[in-house]
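Trainee: Kindly return the folded structure for what I paste below:
(2 chains)
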Amino acid sequence: MKTVHEDGATEERQLVTDAPPELQSPIDWALRTDRLPHIWCPGCGIGTAVVAFVEAVKEAGISLDNLSVVSGIGCTGRVAGYLDCDSFHTTHGRAIPFATGLHAANPELKVVVFSGDGDLTAIGGNHLIHAARRNVDITVICVNNFVYGMTGGQGGPTTQTGAKTSTTPFGNIDQPFNLARLAEGAGATYVSRWTVLDLGRLRRSMVEALTHRGFSFVEVVSPCPVYYGRRNRLGEAVDELRYYRENTLVVPAASVDEVDIGELGGEIKVGRFVDIEKPTLEERIAGLALELAPESKSTGGHDG
Amino acid sequence: MGKSPALSGVHFMLGDVAVAEGAIAAGCTFFGGYPITPSTEVAERMALRLPQIGGIFMQMEDELASIAAVLGASWGGRKSMTATSGPGFSLMMESIGLAVMTETPAVICNVQRGAPSTGLPTLVAQGDMMQARWGSHGHYQIIALVPWSPQECFDLTVRAFNLAERYRTPVLIMADAEVAHLTERVVIPPAGEIEIWPRKRPTLPPGPGALDLDETLVAPMPAAGEGYRLMVESLTHDDRGYPDTTATTHRQLVQRLNDKIYRDRFALYDQVERVIDDAEVVVVSYGISARISARAVEIARARGIKAGLLRLRTVWPFPEERIGELSKRLAGFVVAELNLGQVSREVERVAVDGCSVATCGNAGGDILHPKEILEAIIAVDQGLAPSRSSKLARV
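Mentor: Residues are numbered from 1 along each chain as shown, chains lettered A, B, ... in the order given. Down below sits the predicted model:
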């Protein structure tokens, strides 16, 4: 692809779609390939989360024309813009209420929030719990890499106790959120956690979340080798994945109280923690409208 | 639904309620809000009305969420609004910028109260006028309308929606606690007689050129789910929405966002002038202060002073050409507003040297008295108020 800049300079860049078939990715069909290469660092897990997501969208039979992905700000906040669907790159922390308004306005849409732990649980934490409380029929995919990557590796609400970041140079003295417990406590009706190493289970969980009726929350534990791994001597990305392999415990029916990942170097419990049915916000809105409709008042209700 | 959801006829109506009814008449079907005095009645009215007419009322967890939900709903294809007051308006500022940047139609009503901070929750002020103009970061144009009565709360809310859709931009209704809490006669025309400007929709199916800009500098706006694969981007972006964080693209984008509104400013200006033709002193005012100014001008005229009133219904963009032109022949302006000089700074900016500009205001809490404005008129008339050039000389 040739880009001509304002000053007349031209830039030649090979599109991924122009690449020979063996270099094309099986998820290209869902990407804005003319925006590649992406901004993520080598070893980052966000791309893997995107692969799982695109495959899940396909498996769940969701049309890209009907899919809206809303992101906030941060590394994961860039996901929406790479997907070839209706994509919204909003302000820091506000992806969930934006998505709530979008889906309430048109419940026929499949609306997904794809953002990071800092965006969704620090600056946007209030919106997370209220969307869960309302059981808004949207899916939230939260890539948790324990750190603010975009701004250079600062600590946040998921940073593990004792972990070093650029703003916790002596080790984090705070205790992090257990996001699964937070989401469950606030009323989320589907909650799961997987690491990017376990692509199969992650994809399957995303399919469940996408087809779940109500507020679904998928936490994706992901390495940030550049900022979190290096500072905490977790090795290269591949070492972090090895760590996931050796220290991840799939718990089929654990209570969310028991799945803290607050200890650096500790065990990471993963699994599907919550999967229940409750009336959604959209159903309640529609129910109220039906109840208030003039026809239902005059005829004593609908029967068909 | 067979019959129109909008009211019509003659009503005895609260200003806040008239904002809500104006919104419904304009086709608003989404309200996201958070309770805050003195705007709460807008939300309460919407909570009562919208679910009955196929609309959606959402009480959000805060004003950050309210404005975000409003923008989301706008992309969901609904005309959307929120209403708030000072503290909530401050919280909404970032997403007002998002609406500007992503060209998302939305209406935000700010019922102004005494400030800074929590200030005077129940008492009037007009201290957010410059915040309305410049409150979100960056250089942008904003459209802000100011009603002086419940009737105008209705009329200008309809206009706010029309302008938001035409220019794909947030539009502010800068009411004040006094006007919003007045109950007066409001005449609502039959629905078919209210002019409604629809959203500019794409005429081409999804594909190349469908969302291209035309000479209006406003691109067509599909809703999510219509197959256009929208790229709605808060970063600096090109015409496709693709992020392009270069100085060149940034300047082009910001220039266009400014131009699409500023170059149409003559269509946006909306002021009502009274006895101005022979006037030597003109009171510039808006909202509740303009009602008091009207009385002050009457008294001045009765005393033989050639006073006139220029009442702003659109404050932003500011009618700089008209004020500048008047300044060439006037002894001066009195700017009557419930702050310590905000719109008066604009008048000073555009008035020629030698034309005096006196601010008649207070920090809020109570409305002006006609006597205060009259005294300012007399001072300007007698050449006792400082001219712009003499003020500059003092600095």
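Trainee: C-alpha only now, for contacts and for neighbours.
Mentor: Will do.
Trainee: ok but A:T100 is inside a strand, no?
Mentor: No. Under DSSP: H, G, I helix; E, B strand; the rest coil, A:T100 falls outside any strand and is assigned helix.
Trainee: Ignoring the adjacent residues along the chain, who's closest to it?
Mentor: Nearest non-adjacent residue to A:T100, counting by Cα to Cα, 6 or more residues apart in numbering or on different chains: B:A69, 6.0 Å away.
Trainee: and if you look at B:L145?
Mentor: Excluding its sequence neighbours, the residue lying closest to B:L145 (Cα to Cα, 6+ apart) is B:T314, at 4.4 Å.
Trainee: can you check B:A294 too?
Mentor: B:L309 is the one closest to B:A294 (Cα to Cα, 6+ apart), at 6.6 Å.
Trainee: Now the longest strand anywhere in chain B - C-alpha only, PDB.
Mentor: Longest strand of chain B, by residue count under DSSP state E: strand B:106-114. The C-alpha coordinates for strand B:106-114 follow below in PDB (Å, rounded to 0.1, in the frame of the first residue of the first chain):
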ATOM      1  CA  ALA B 106     -25.600  14.900  21.900                       C
ATOM      2  CA  VAL B 107     -27.400  17.500  23.900                       C
ATOM      3  CA  ILE B 108     -26.100  18.500  27.400                       C
ATOM      4  CA  CYS B 109     -28.200  20.700  29.500                       C
ATOM      5  CA  ASN B 110     -26.400  22.500  32.400                       C
ATOM      6  CA  VAL B 111     -28.600  24.200  34.900                       C
ATOM      7  CA  GLN B 112     -26.200  26.700  36.400                       C
ATOM      8  CA  ARG B 113     -25.900  27.100  40.100                       C
ATOM      9  CA  GLY B 114     -23.600  29.000  42.500                       C
END
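Trainee: Next up, the contacts around residue 259.
Mentor: Reading this off chain A. Contact partners of A:V259, counting by Cα atoms under 8 Å, 6 or more residues apart in numbering or on different chains, are A:178, A:180-181, A:268-270.
Trainee: Not quite, go with chain B.
Mentor: So B:D259 contacts B:L217 (Cα under 8 Å, 6+ apart).
Trainee: That one: which element?
Mentor: B:D259 belongs to helix B:247-262 when assigned by DSSP states H and E.
Trainee: Distance from the helix or strand following that helix to the middle of the chain?
Mentor: Per DSSP H and E, the first helix or strand lying C-terminal to helix B:247-262 is helix B:265-268. The chain centre lies 13 Å from the centre of helix B:265-268; the measure is Cα atoms, centre = their mean, to the nearest Å.
Trainee: Could you list the low-pLDDT ranges of the stretch 201-304 of chain A?
Mentor: A:295-304 (pLDDT under 70).
Trainee: Quick check: residues of it near chain B?
Mentor: Residues of the stretch 201-304 of chain A lying close to chain B (Cα under 8 Å from any Cα of the partner chain) are A:285, A:288-289, A:292-293.
Trainee: can you rerun that using 7 Å?
Mentor: Counting by Cα under 7 Å from any Cα of the partner chain, the stretch 201-304 of chain A comes close to chain B at A:288-289, A:292-293.
Trainee: Turn those residues into a markdown table, including neighbour count and secondary structure.
Mentor: Output for these, formatted as a markdown table (neighbours: other Cα atoms under 10 Å in any protein chain shown; DSSP: H, G, I helix; E, B strand; the rest coil):
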| residue | neighbour count | secondary structure |
| --- | --- | --- |
| A:L288 | 14 | helix |
| A:A289 | 19 | helix |
| A:L292 | 16 | helix |
| A:A293 | 18 | coil |
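Trainee: how about the residues of chain B that lie near chain A?
Mentor: Neighbours of chain A within chain B, by Cα under 7 Å from any Cα: B:51-52, B:54, B:61, B:65, B:68-73, B:75-78, B:95, B:224-227, B:229-234.
Trainee: Among those residues, which are located in strands?
Mentor: Using DSSP E, the residues of chain B next to chain A in strands are B:231-233.
Trainee: got the phi/psi numbers for the closest residue to B:E63 other than its chain neighbours?
Mentor: When the adjacent residues along the chain are set aside, B:E63 lies closest to B:G88, with 5.4 Å between them (Cα to Cα, 6+ apart). In terms of degrees, to the nearest 10, the main-chain angles of B:G88 are phi -70, psi -40.
Trainee: so how far is chain A from B:G88?
Mentor: Here the criterion is Cα to the nearest Cα, to the nearest Å. By it, B:G88 lies 15 Å from chain A.
Trainee: Is that residue in contact with B:S66, as I believe?
Mentor: No. With contacts counted by Cα atoms under 7 Å, B:G88 stays clear of B:S66, the gap being 9.4 Å.
Trainee: okay, the two: which has more neighbours?
Mentor: Neighbour totals were compared for B:G88 and B:S66, and B:S66 leads with 30 against 20 (other Cα atoms under 10 Å in any protein chain shown).
Trainee: Residue 167: neighbour count?
Mentor: By default, I'm working from chain A. Neighbour count of A:T167, defined by other Cα under 10 Å: 13.
Trainee: my bad, the chain I had in mind was chain B
Mentor: Around B:Y167 there are 23 residues (other Cα under 10 Å).
Trainee: What of A:S255?
Mentor: Other residues near A:S255 come to 13 when the count uses other Cα under 10 Å.
Trainee: which residues does it contact?
Mentor: A:F273 (Cα atoms under 7 Å, 6 or more residues apart in numbering or on different chains).
Trainee: so how far is B:L268 from the residue nearest to B:M221 when sequence neighbours are not counted?
Mentor: Using Cα to Cα, 6+ apart and skipping residues adjacent in sequence, the residue nearest B:M221 is B:R201, 5.2 Å away. Using Cα to Cα, to the nearest Å, B:R201 is found at 22 Å from B:L268.
Trainee: So those two - more neighbours on which side?
Mentor: B:L268 (21 against 13).
Trainee: And the helices in the chain?
Mentor: Picking chain A for this. Using DSSP state H, the helices of chain A run over A:46-59, A:79-82, A:95-105, A:117-118, A:125-134, A:179-186, A:199-211, A:230-231, A:237-247, A:281-292, A:294-299.
Trainee: meant chain B, my bad for not saying
Mentor: B:15-26, B:40-49, B:63-75, B:86-102, B:129-134, B:150-167, B:177-180, B:247-262, B:265-268, B:287-302, B:320-327, B:343-350, B:370-381, B:388-394.
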